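K.L.:
Make a model of this:
(one chain, ligands or ions: 2)
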Amino acid sequence: MESTHHKSILITGGAGFIGSHLTRLFVIKYPDTRIVNLDKLTYAGNLENLKDIEKKDNYTFIKGDICDGDLLNKLFEQYAFDGVLHCAAESHVDRSITDPLAFVKTNVLGTATLLNVAKEYWKGHFEGKLFYHISTDEVYGTLGETGFFTEETPYDPRSPYSASKASSDHFVRAYYHTYGLPVIVSNCSNNYGPYHFPEKLIPLCINNIIHNKPLPIYGKGENVRDWLFVEDHVRAIDLIFHKGKAGETYNIGGHNEWKNIDIIRELCRQMDNKLGRAAGTSEKLITFVKDRAGHDLRYAIDPTKLSEELGWKPALQFEEGLARTIDWYLENGEWLNHVTSGNYQKYYEGMYGS
Ligand code: NAD
Ligand code: TYD
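P.N.:
Residues are numbered from 1 along each chain as shown. Ligands and ions are numbered 1, 2, ... in the order given. Below is the predicted model:
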């Protein structure tokens, strides 16, 4: 059955937030390519994210761990992958503060295991192959009030999450320099959009506004993040995967910086509108709570290389992206109820007290 497809791509972590958008894009846009989604289905992985494409001919789901070298070897043998889009990771900074070793295991050891299997399988015929590593701008550390992260900014990770991602980026580049494995790394700013797990700021606050619960803002809400709609991110990955140069790094971001307090006020304003609540109702839920340990002040991406070399720019204005995101959560109450039942309650109580 595999032989009817011209190409074969492994996506790891395809049941997560960004991975599911990436998988959907590739499965629909490239019907002649077999897309194999390998995901461990941790708390963050959810096959409901892929319901609309799960029956497509060119799509295969495999439940498994990127740390399992034997499984990876079997999958490379079975599907003869031409490319890897590596999304699987532990991705939440707060969880990395509570359980750093889980991040070392998946993000560092898992990535190194995957690299090693790809290198061995592709040995002697690297031509036309690509190992694409999806990474974050958080590896660059924190900015002050001014300046931007470029591809030349020295790494300076400060949380166990960003340290584990930085380490995995270094391993990916080491495999390029040492073994000649064709690799690309992209470092993207904060994403938002449908299927975002409600442990992260925007979906957590959307869920809490729906349920009239406090909106926990760390510190004074002065920290700045550079927000990109997830579909713009996966369009950039598609472009870089097909047109980017092996050995290169690309920063992805859309010049859309917001202080946390301002973005949550804007979210409250739009949600009051959509829920037919009086203006100012949701803002009253804002509650300042204890700051995150080692909380990076500001992230901001300079995407000049990507826009000048490959012609990428974001398709969506922020106000429209946020409106689409809110509408999606309001229309997908069942998805939200599923992901916030069970273990989520325990996590939430541990983090926020109630
Ligand atoms: P996510 O937490 O929503 O999804 C991660 C996925 O990986 C889940 O489906 C999970 O089940 C799977 N996974 C975890 N450990 C695994 C393992 N050992 N083996 C196989 N699968 C495993 O994460 P996300 O927000 O979609 O992020 C995806 C990637 O993009 C990550 O590498 C992250 O560092 C990077 N990134 C995220 C953002 C963002 O704003 N969310 C921004 C830039 C880069
Ligand atoms: P988050 O969505 O966790 O992404 P990251 O830490 O990777 O940037 O957090 C975005 C910002 O929002 C960050 O500055 C921390 C802050 N934040 C809160 O103020 N309250 C919250 O409950 C959460 C989860 C985050």
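
K.L.:
okay, stretch 304-313 in PDB with CA atoms only?
P.N.:
Listed next in PDB are the C-alpha coordinates belonging to stretch 304-313 (Å, rounded to 0.1, in the frame of the first residue of the first chain):
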ATOM      1  CA  THR A 304      13.700  39.100   8.000                       C
ATOM      2  CA  LYS A 305      15.600  36.000   6.700                       C
ATOM      3  CA  LEU A 306      12.400  34.000   6.200                       C
ATOM      4  CA  SER A 307      10.500  36.800   4.500                       C
ATOM      5  CA  GLU A 308      13.400  37.900   2.300                       C
ATOM      6  CA  GLU A 309      14.800  34.500   1.300                       C
ATOM      7  CA  LEU A 310      11.600  32.500   1.100                       C
ATOM      8  CA  GLY A 311       8.900  35.200   0.800                       C
ATOM      9  CA  TRP A 312       6.900  34.200   3.800                       C
ATOM     10  CA  LYS A 313       4.600  36.600   5.700                       C
END
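
K.L.:
Other residues contacting it?
P.N.:
Identification of contacts with stretch 304-313 by Cβ atoms under 8 Å, 6 or more residues apart in numbering yields 150-151, 235-236, 239-240, 243-244, 250-252, 254, 303. (C-beta placed from N, C-alpha, C; glycine too.)

K.L.:
Also stretch 67-75?
P.N.:
Contacts of stretch 67-75 (Cβ under 8 Å, 6+ apart): 10, 36, 38, 62, 64-66, 81, 105-106, 109-110, 113-114, 116-117, 120-121.

K.L.:
What residues sit buried inside stretch 273-290?
P.N.:
Using 16 or more other Cβ atoms under 10 Å as the burial criterion, the residues of stretch 273-290 that qualify are 282, 285, 286.

K.L.:
Report the rounded mean pLDDT for it.
P.N.:
For stretch 273-290, the mean per-residue pLDDT is 98.

K.L.:
Now do the end-to-end distance for it.
P.N.:
One end of stretch 273-290 to the other measures 30 Å (Cα to Cα, to the nearest Å).

K.L.:
With stretch 276-296 instead?
P.N.:
End-to-end span of stretch 276-296 (Cα to Cα): 36 Å.

K.L.:
could you check the distance from the residue of the stretch 1-150 of the chain found nearest ligand 2 over to residue 64?
P.N.:
Scanning the stretch 1-150 of the chain for the residue nearest ligand 2 gives residue 93, at 4.1 Å (criterion: Cβ to the nearest ligand atom). Distance, residue 93 to residue 64, by Cβ to Cβ, to the nearest Å: 26 Å.

K.L.:
before we move on, what about residue 178?
P.N.:
In this view, residue 178 and residue 64 are 27 Å apart by Cβ to Cβ.

K.L.:
who has more neighbours, these two?
P.N.:
Ranked by neighbour count (other Cβ atoms under 10 Å), residue 178 and residue 64 place residue 64 first, with 18 against 9.

K.L.:
hang on, the more buried one packs against residue 38?
P.N.:
Yes: counting by Cβ atoms under 8 Å, residue 38 is a contact partner of residue 64 at 5.4 Å.

K.L.:
quick one: contacts for the closest residue to residue 163 other than its chain neighbours?
P.N.:
Spatial nearest neighbour of residue 163, excluding adjacent residues (Cβ to Cβ, 6 or more residues apart in numbering): residue 157 at 4.3 Å. By Cβ under 8 Å, 6+ apart, the contact set of residue 157 is 138, 139, 140, 141, 163, 165, 166.

K.L.:
Close to ligand 2: what parts of the protein are there?
P.N.:
Counting by Cβ under 6 Å from any ligand atom, the chain comes close to ligand 2 at 93, 190, 200, 201, 204, 216, 217, 218, 223, 225, 260, 292.

K.L.:
do that again at 5 Å, thanks
P.N.:
93, 200, 201, 216, 217, 218, 223, 260 (Cβ under 5 Å from any ligand atom).

K.L.:
quick one, what contacts the nearest residue to the last one once chain neighbours are set aside?
P.N.:
Setting aside the residues directly before and after it, residue 260 is nearest to residue 221 in space (Cβ to Cβ, 6+ apart), at 4.5 Å. Applying Cβ under 8 Å, 6+ apart, we find residue 221 in contact with 259, 260, 261, 262, 264, 286, 288.
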